[in-house]
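In: okay, here's the prediction I keep looking at, along with the sequence it came from:
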Amino acid sequence: MNLQVAREIETLKRAILALGAVVEDSVLKAGKAVVQRDPVLAEEVIAADFKIDQMEVDLEEDGLKVLALHQPVAIDLRFIVAVLRINSDLERIGDLAVNLAERALFLSSRSPVDVPGQFSEMTARAESMLEKSLDSLVNMNVETARSVIAADDEVDLLNREMYRIMYDLIRRDPDRLECFVHLISAARHIERIADHATNIAEDVVYMNTGEIIRHKPEDFREAKD
Amino acid sequence: MKKRPFIWFIYPTNLLVAVLSLSVLLWYGADYLTDFYYQQKAEDLEVRARLTGSRVLEAVSGLEGRERVRRVNDLCRELGRSSNMRITVVLQGGEVIGDSEEDPARMDNHAGRPEIRKALGGETGLSLRYSATLEENLMYVAVPLDERPELGVVRVSVPVTSLEQIPRRVLTRFATVSVVVLLAAAGLSFLVARRIVKPLEIMKSGAEELARGKLETRLPVSRWEEIGSLAEEMNRMAASLDDRIRRETSQKNEMEAVLGSMAEGVLALDLKERVLSLNRAARAHLGVRGEDVVGRTMMEVVRNPALHELVVDTLSGKEPVEGEVIFRDREEKYLQVHGTVLRDSGSVAIGALIVMNDVTRLRKLEEIRRDFVANASHEIRTPVTSIKGFVETLLDGALEDKETTERFLEIIGRHADRLNAIVEDLLSLSSIEKVSGREEVSLEERALQEVVEEAIELCRAGARKKDVALKVRCGEDITARVNPSLLVQAVVNLVDNAVKFSLEGGEVEVQCHRRGAIAVIEVRDRGCGIAREDIPRLFERFYRADKARSRELGGTGLGLAIVKHIVQVHGGEVTVDSEIGQGSTFAINLPAASDRPASEGGAGEGVP
């Protein structure tokens, strides 16, 4: 491996992990902000988005530069392509965290509603999926990545349950409709975050095996933990 | 360069020296022997020549002329035949008058022959020549007759081949013996060479052991000076190395023990943010899983952006860097982090040193304190504000209207009651805390049924007002060591809460049973339940789970805190199990056989 290319790849790896860390932090904060009705935390998340966007742009430019200057091949090429994709997924997760924070801001400005347990459950799972997907990136571990992909179904199920619960709550307590609608929205954001975490995991699989498994989840599902 | 065995140097050299010496000796010997032999032969010939000369003179005394010559010749022939030599007699002029082989008349003048010339000069003449006549090398020795050259010269000669043969035979025999000697020498010198090399080989294997790390090995000291000293020095070196390494290892172990026992986490990074070392506490604080952490970048090991920023700041030279890092994953963790530049012995920056302290408990306590103060102020301010408001309204003119005045005063009274209740609760809580911290609470063995019945009585009025049914299920035989008044108060608080949070027409059940050595009092309601996030903080002073609803329902917010303290004073614990929409079950667990509690929990949340 060309030494120069190896160094560039190291730098890219560091950068994507840094971005991953900031995004992970935002997601955790946003989740807490919704449940604890904490506007301060929510504001922090919204403020951090600027930095996330900046990091995403820098990473994309650096990645393209390596491709242009060094024309890497084989595993290096796969790595850079995967990094560029993950970069974009992370930025989207960052945006979703901001959306979540905005829901938190609204909810904290009104009197509290009961947040269904399923919401916390979904949030926890989505956060775990994001964490595991970044772990699998760090360790280049395909098993961990596959477990993330497998976990997405549960989150989708919980999201559907959330809808049902919320419909029920709306019927029983129509005065609090606005809050419930925001909660539904928040749940959807979480579900999207989980989807993006799945994308990241798929990219990690691609990076390691060269196989694109985006559209055939049945073939690659592992036994759930 | 490939190394070859030393013996390949010693042995061939030895052998070469032996061979050369022998060869030189042999060659010189041969040479000398040949010379010697020739010398001997020459001398021998000279003697014979003289003898022959005297015989000739004897034989020809008294003879003259031709007879003389003939006599000489005959004598030559005779003597030559019997002695196997060639004898020639030559006159002063060079004419040959007698010869043992040839006819003298046919022989040419011999005056020119070197040996004859010399003899004619009065000395012994010697010459080695190839004779054309006989076609071989001959040695000639010529002496003047009776020392008087004028009488003539007698010359004796022998073919040299015989002479040449003898030294050759001797030489061959010598050579054979030499080869044998050489073979023996070869064998011997091989053994000697081995013996020389052997101590070196022993040292070599000893050195190999040392190199492999077995520093206890000691080399045997040979009695030869150089080799022995070398072995001694090497042994000394091994001992000093061993000692030094032991000292370094023990120092390193000490340092590792120190780092490993610290409660503070220590993380060392190099300039590229790669982990140099991580102690056990740091691993726990940062939640690092996995063994191979050294050498990986910090971000690979712990993905916390605040920590990363701190590290970057430290590495960029800003000193010292301090900050708080929050971990939000499983449970919240607050770390106080301090970063300094890591320098080597030459004060060159080689990385960053991060020291971290877990201040989660501290922050949590601060949060509780903050919340308590906020809640307490709020709780107290609300009635006070109301009272103030009403008083002002009265002073403003409402005093005129008697009805309004009465109503307002009633309201003021209610608020004052509320304030009173808060103050009472606070006092009672603080007194319980004080008690549980210092004095001993008197406990006596009582049937729980009594306690429960008493509590139920006190709550009946409130329950009836809300049309909530109170059920009791308690066996008479369940006893525990209790302080009756305190325990009644605790159960009352729980039942009150249960009633408060039940729906109209609902039901509250109080049940006692025994679980092993523990007596349990359970209060169950089917009310709205408590959210999971609120449960850990439920027993804090003034903590309200569902803020809006519980204030509506009244109460001071201190009820559960009081329950918790009372139960702790009894050496037990209180637990809650609840689900939103289903209801809650509070359980008081009391040790049936009371051991005096160490009750540190009682004075734990030392809030002013």
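Out: Thanks, I have it.
In: ok, now which ones touch residue 77?
Out: This is for chain A. residue A:67 (C-beta atoms under 8 Å, 6 or more residues apart in numbering or on different chains). All C-beta spots, glycine's among them, are computed from the backbone N, C-alpha and C.
In: nope, chain B please
Out: Residue B:77 neighbours (C-beta under 8 Å, 6+ apart): residue B:100.
In: name the helices or strands packed onto the host helix or strand of residue A:43?
Out: Using DSSP states H and E, residue A:43 sits within helix A:39-70. On a contact count with 3 or more C-beta pairs under 8 Å, 6 or more residues apart in numbering or on different chains; DSSP states H and E, helix A:39-70 meets helix A:3-36, helix A:74-109.
In: export the ones you listed to CSV and tack on mean pLDDT?
Out: Shown next, in CSV, are the helices and strands packed on helix A:39-70 (pLDDT from 0 to 100):
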stretch, mean pLDDT
helix A:3-36, 91
helix A:74-109, 93
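In: including distance to residue B:83, could those go into a markdown table?
Out: Below are the helices and strands packed on helix A:39-70 laid out as a markdown table (distance: least, C-beta to C-beta, whole Å):
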| stretch | distance to residue B:83 |
| --- | --- |
| helix A:3-36 | 103 |
| helix A:74-109 | 109 |
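In: what residues sit buried inside stretch B:168-178?
Out: B:171, B:174, B:178 (16 or more other C-beta atoms under 10 Å in any protein chain shown).
In: any idea which element the nearest residue to residue B:496 once chain neighbours are set aside lies in?
Out: Closest residue to residue B:496 apart from its sequence neighbours, by C-beta to C-beta, 6 or more residues apart in numbering or on different chains: residue B:459 at 5.9 Å. Residue B:459 belongs to helix B:448-465 when assigned by DSSP H and E.
In: so how far is that helix off the chain centroid?
Out: 73 Å (C-alpha atoms, centre = their mean, to the nearest Å).
In: residue A:152 touches residue A:194, doesn't it?
Out: Yes. At 5.7 Å, residue A:152 counts as touching residue A:194 under the criterion of C-beta atoms under 8 Å.
In: report pLDDT for the residue nearest the centre of chain B.
Out: Nearest to the mean C-alpha position of chain B, counting by C-alpha atoms, centre = their mean, stands residue B:249 at 9.4 Å. Listed pLDDT for residue B:249 reads 93.
In: what's the answer for residue A:129, then?
Out: 95.
In: can you count the residues close to it?
Out: 26 (other C-beta atoms under 10 Å in any protein chain shown).
In: same deal with residue B:140?
Out: If we define neighbours as other C-beta under 10 Å, then residue B:140 has 25 of them.
In: circling back: quick one: the residue nearest to the centre of chain B is in a helix?
Out: Yes. Counting by DSSP: H, G, I helix; E, B strand; the rest coil, residue B:249 falls inside a helix.
In: what does the stretch 251-400 of chain B put close to chain A?
Out: Counting by C-beta under 8 Å from any C-beta of the partner chain, the residues of the stretch 251-400 of chain B lying close to chain A are B:273, B:290, B:297, B:299, B:300, B:303, B:304, B:305, B:306, B:308, B:328, B:329.
In: spell out which residues of chain A are next to chain B.
Out: Residues of chain A lying near chain B (C-beta under 8 Å from any C-beta): A:13-14, A:17-18, A:20-22, A:24-25, A:28-29, A:32, A:35-36, A:111-112, A:114-117, A:120, A:127, A:131, A:134, A:138-139.
In: list only buried entries from the residues you listed.
Out: A:13-14, A:17-18, A:20-22, A:24-25, A:28-29, A:32, A:35, A:112, A:114-116, A:120, A:127, A:131, A:134, A:138-139.
In: sorry, back to before: next, the buried residues of the helix holding residue A:43.
Out: Buried-residue list, helix A:39-70, by 16+ other C-beta under 10 Å: A:41-42, A:44-46, A:48-49, A:52, A:55-56, A:59, A:62-63, A:66-67, A:70.
In: list just the nearest of these to chain B.
Out: Proximity of those to chain B (C-beta to the nearest C-beta) peaks at residue A:48, which lies at 8.7 Å.
In: can I get the residues of the stretch 251-400 of chain B next to chain A in CSV with neighbour count?
Out: Formatted as CSV, these follow (neighbours: other C-beta atoms under 10 Å in any protein chain shown):
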residue, neighbour count
B:273, 19
B:290, 12
B:297, 19
B:299, 24
B:300, 21
B:303, 22
B:304, 24
B:305, 20
B:306, 17
B:308, 21
B:328, 17
B:329, 16
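In: okay, these in CSV with distance to residue B:510, pLDDT and secondary structure next?
Out: Listed next are those as CSV, based on distance: C-beta to C-beta, whole Å; pLDDT from 0 to 100; DSSP: H, G, I helix; E, B strand; the rest coil:
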residue, distance to residue B:510, pLDDT, secondary structure
B:273, 61, 89, coil
B:290, 51, 78, coil
B:297, 59, 88, strand
B:299, 56, 87, helix
B:300, 56, 87, helix
B:303, 50, 87, coil
B:304, 48, 89, coil
B:305, 51, 88, helix
B:306, 49, 90, helix
B:308, 54, 91, helix
B:328, 40, 79, coil
B:329, 40, 72, coil
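In: and which of those is nearest to residue A:207?
Out: Of all those, residue A:207 sits closest to residue B:300, with 15.3 Å by C-beta to C-beta.
In: now the residue in the stretch 151-300 of chain B that chain A sits nearest to: closest residue in space that isn't a chain neighbour?
Out: Closest contact between the stretch 151-300 of chain B and chain A, by C-beta to the nearest C-beta, is at residue B:299 (4.0 Å). Spatial nearest neighbour of residue B:299, chain neighbours left out: residue A:17 (4.0 Å); criterion: C-beta to C-beta, 6+ apart.
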